[in-house]
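**Q** Structure, please.
(chains A and B)
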Amino acid sequence: MENICLRVAEGESHALLGPSGAGKSTLLEVIVGLRPASAGRIELGGRDLKGVPAEKRGMGYLPQRLALFPHLTVRENILYGPRSRHLSPAAYRPVVDSLVEATGIEALLDRRPDTLSGGERQRVALVRALAARPSLLLLDEPFSALNESLRHELWHLLRALQAEYGFTTLLITHDLSEGFFLGDHISVLIDGKIEQSGDRDSVWRHPASVAVARYLGIRNLLEGTVVDLSDSLVTVDCPAVEGRLEVNLLPGRPRPAIGASVFVGIRAEFVVLRDLDHPPREGEFILQGRFVDVSVAGTDVTLLFQPAGKDLTLEIGVNRRLLRRFGIKADQPVMVGLPRRDLLLFTS
Amino acid sequence: MRFRRFTVVCALAVLAVYALLILSLFYFFDGAAILTALASKRVLFSIQLSLVAATIAAGLALAVAVPAAYALSRYEFRGREAVDAILEFPLIVSPAALGAIILIFFSNPVGTWVQEHVLQFVFAFAGIVLAQFIAVLGVAVRFMKSAFDQVPRRYEMVARALGASPSRAFFTISLPLARRGLLASGVLTWAKALGEFGATIMVAGTMAMRTETLPIAIYMRLSTADIKGTVALILVLLTLGLSALYVAKFLFRDRRARA
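**A** Numbering: from 1, shown residues only, chains lettered A, B, ... in the order given. All right, here's what the predicted structure looks like:
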């Protein structure tokens, strides 16, 4: 871990995204108090947690493998937290009853975890983590073992519970769709370092570095050199496309110097297909070439485009409807546009 | 297939070796001699002494072994490697040497003071319990550690995060989840204490109706060439030991099935 600074606001749902092995689970265990921090400081509501054992931190923790206690019934599992914190039944019963009702697990209360389905276990683990009204709920990839439809169902359930009870959540996941669905605020952890932290839209639209861009699935990255610079526009000479790309300069982002090495990136879904017979549009860099591959995955289609005479492959994302409508096939000549408004600039 | 057959033959050979030895006892089997032996006050005393001493020794060993094994299984601490290495100490030195070491301890000033002011161990019931306790302690810790190792740490971590103190997490989560493994380990520890001979004879001697445990009684019978009496006592010890092993195996099997 290196210079980690993570701030989770009260009532916020914060997703910490990062590839496997980035140190996400370790960080979470340090926050929960299950692993000592060799350096640094963790505060909760302004209180320094140094030396405060896990049981006194008042957090809820939902680990990846749930860890429902196999020798206890669902009810005993749920009440484990409130009883360990010596809450009176009057204090926890209304919350527990309401959570049990909201998650629809009333009929499971007297059963043992080994008799539950995957989705039921998730619900029980969620209620157990929330039963003692934690000040912060920490979720460590809790839905990773579930099938797609069940995961979506539980995402909606978690969002609904959060809206109703207003608890603060820190979720860690390597799954982009999960992180961007559940997190209002996103932090990206790569190689033990927080590369970017910001609201969901800003992180998705404007990754702060090449590492974040790659992690967020942007594979169209062109290396180049800054040749011109104005207040809001950077001109980059990109040998790969044998041309100069104009990129909008975002306010607050560092201004590269002329002559600096940079990367220009564009999301696959923002590369546009253009008609060969029509003139290019204003603010678009046009490339002519052919599709070298068409991959279909469900409704999503990925086209690999190779500009004529250039050693470059760009990824273009379309949907299956567009594929049918335009009769797109491999080896088909085509013209594509890189709109300036969608180009991203990354200083090296 | 050849390799499989070879390994299976080896496994069956293990059974054959022990079965052959046990079956050979029946060459000298004499029902009347067994009944006579079992009815004798001296043999009944040996059986009772063995059962009581083994139970106390195993109980004491478990009282130390359970927390020690938990510490070895869960915590990193200074001296952990040394503790782990010393567990095999009673296995490395022969039982007779272990008994001799205990005797030598009671010959030094500290040991003499203990004998004079705390409790008489040499040639006494307490010596039997002590010899058995020392002989089985390391193995008991090893067995118990294995039982705790089988319980994933994540259960305790979640319990702690839910507000349980380390001791509450231990008593409400780790201990119940390791229960069967601990019970099985306890039974094996008891069986080992019951059969302990070398250290016991060195510390407690062979005094009839005082320190003569079942294994010592077997030795004494054999030394007087009483083969039938020896066989009778061996069968008693065998019955007790095998029953304990069966219980332990049953507990282990059930634990594996639940895992």
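
**Q** Now find how far off-centre stretch B:9-28 is within its chain.
**A** 23 Å (CA atoms, centre = their mean, to the nearest Å).

**Q** quick one: buried residues of that stretch?
**A** Applying a neighbour-count criterion of 16 or more other CB atoms under 10 Å in any protein chain shown, stretch B:9-28 contains no buried positions. Every C-beta, even on glycine, is put in place using the N, C-alpha and C of the backbone.

**Q** So what touches it?
**A** B:Ile227, B:Lys228, B:Val231, B:Ile234, B:Leu235, B:Leu238 (CB atoms under 8 Å, 6 or more residues apart in numbering or on different chains).

**Q** mind listing what the fourth one touches?
**A** Contact analysis of B:Ile234 by CB under 8 Å, 6+ apart lists B:Leu25, B:Ile218.

**Q** picking that back up, for the contacts of stretch B:9-28, could you give me JSON lines that also reports secondary structure?
**A** Output for the contacts of stretch B:9-28, formatted as JSON lines (DSSP: H, G, I helix; E, B strand; the rest coil):
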{"residue": "B:Ile227", "secondary structure": "helix"}
{"residue": "B:Lys228", "secondary structure": "helix"}
{"residue": "B:Val231", "secondary structure": "helix"}
{"residue": "B:Ile234", "secondary structure": "helix"}
{"residue": "B:Leu235", "secondary structure": "helix"}
{"residue": "B:Leu238", "secondary structure": "helix"}
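
**Q** Closest one to chain A out of those, please.
**A** Set against chain A, the nearest of the contacts of stretch B:9-28 by CB to the nearest CB is B:Leu238 (35.5 Å).

**Q** And the pLDDT at the closest one?
**A** At B:Leu238, the model reports a pLDDT of 88.

**Q** circling back to that earlier point, which among the contacts of stretch B:9-28 end up buried?
**A** Among the contacts of stretch B:9-28, those that count as buried by neighbour count (16+ other CB under 10 Å) are B:Lys228, B:Val231, B:Ile234, B:Leu235.

**Q** Surely A:Leu345 is within a strand?
**A** Yes. The assignment for A:Leu345 by three-state DSSP puts it in a strand.

**Q** My guess is it contacts A:Pro254. True?
**A** No. Applying CB atoms under 8 Å, one finds A:Leu345 not in contact with A:Pro254, separated by 9.7 Å.

**Q** So these two - more neighbours on which side?
**A** Neighbour count, other CB atoms under 10 Å in any protein chain shown: between A:Leu345 and A:Pro254, A:Leu345 has more, with 22 against 11.

**Q** what about the nearest residue to that one once chain neighbours are set aside, which SS state?
**A** The shortest distance from A:Leu345 to any residue other than its chain neighbours is 4.5 Å, reached at A:Val247 (CB to CB, 6 or more residues apart in numbering or on different chains). Following three-state DSSP, we place A:Val247 in the strand state.

**Q** ok, now which ones touch A:Val247?
**A** So, once contact is read as CB under 8 Å, 6+ apart, A:Val247 ends up touching A:Leu233, A:Val234, A:Thr235, A:Val236, A:Val264, A:Arg340, A:Leu343, A:Leu344, A:Leu345.

**Q** Just flag the most distant two among those.
**A** Within these, A:Thr235 and A:Leu344 form the most distant pair, 14.9 Å apart (CB to CB).

**Q** Mind checking which of those two has more residues around it?
**A** Between A:Thr235 and A:Leu344, counted using other CB under 10 Å, A:Leu344 has the larger neighbour count: 23 against 16.

**Q** hey, what's that one bridged with?
**A** Beta-bridge pairing for A:Leu344 (DSSP bridges): A:Gly265.

**Q** Could you verify my assumption that it touches A:Gly265?
**A** Yes. Counting by CB under 8 Å, A:Leu344 does reach A:Gly265; the two are 4.4 Å apart.

**Q** any common contacting residues for the two?
**A** A:Pro207, A:Ala213, A:Ile218.

**Q** Report the buried members of those residues.
**A** Neighbour counting with 16+ other CB under 10 Å marks A:Pro207, A:Ala213, A:Ile218 as buried within these.

**Q** list the buried ones in the host helix or strand of B:Tyr155?
**A** Using DSSP states H and E, B:Tyr155 sits within helix B:153-161. By neighbour count on 16+ other CB under 10 Å, the buried set for helix B:153-161 is B:Tyr155, B:Glu156, B:Met157, B:Val158, B:Ala159, B:Arg160, B:Ala161.

**Q** Mean confidence (pLDDT) on that helix, please.
**A** Here the average pLDDT along helix B:153-161 is 93.

**Q** Then stretch B:128-136?
**A** 94.

**Q** List the contacts of it.
**A** In contact with stretch B:128-136 (CB under 8 Å, 6+ apart) are residues B:49, B:53-54, B:56-58, B:60-61, B:90, B:95, B:98-99, B:102, B:121, B:189, B:192-193, B:196, B:198-200, B:202-204, B:211, B:213.

**Q** Which ones among those map onto helices?
**A** If you go by DSSP state H, the contacts of stretch B:128-136 have B:49, B:53-54, B:56-58, B:60-61, B:90, B:95, B:98-99, B:102, B:189, B:192-193, B:198-200, B:202-204 in helices.

**Q** Quick one: end-to-end length of stretch B:74-85, please.
**A** Start-to-end span of stretch B:74-85 (CA to CA, to the nearest Å) is 17 Å.

**Q** ok, now which ones touch the closest residue to B:Gln115 other than its chain neighbours?
**A** Once flanking residues are discounted, B:Gln115 sits nearest to B:Phe106: 5.6 Å by CB to CB, 6+ apart. By CB under 8 Å, 6+ apart, the contact set of B:Phe106 is B:Thr112, B:Val114, B:Gln115, B:Phe121, B:Val122.

**Q** Same question for A:Ala129.
**A** A:Gly60, A:Tyr61, A:Leu62, A:Gly81, A:Leu137, A:Leu139, B:Leu162.

**Q** Among those residues, name the ones in strands.
**A** A:Gly60, A:Tyr61, A:Leu62, A:Leu137, A:Leu139 (DSSP state E).

**Q** Kindly indicate which of these lies nearest chain B.
**A** Nearest to chain B, judged by CB to the nearest CB, of the ones in strands among the contacts of A:Ala129 is A:Tyr61 at 3.6 Å.
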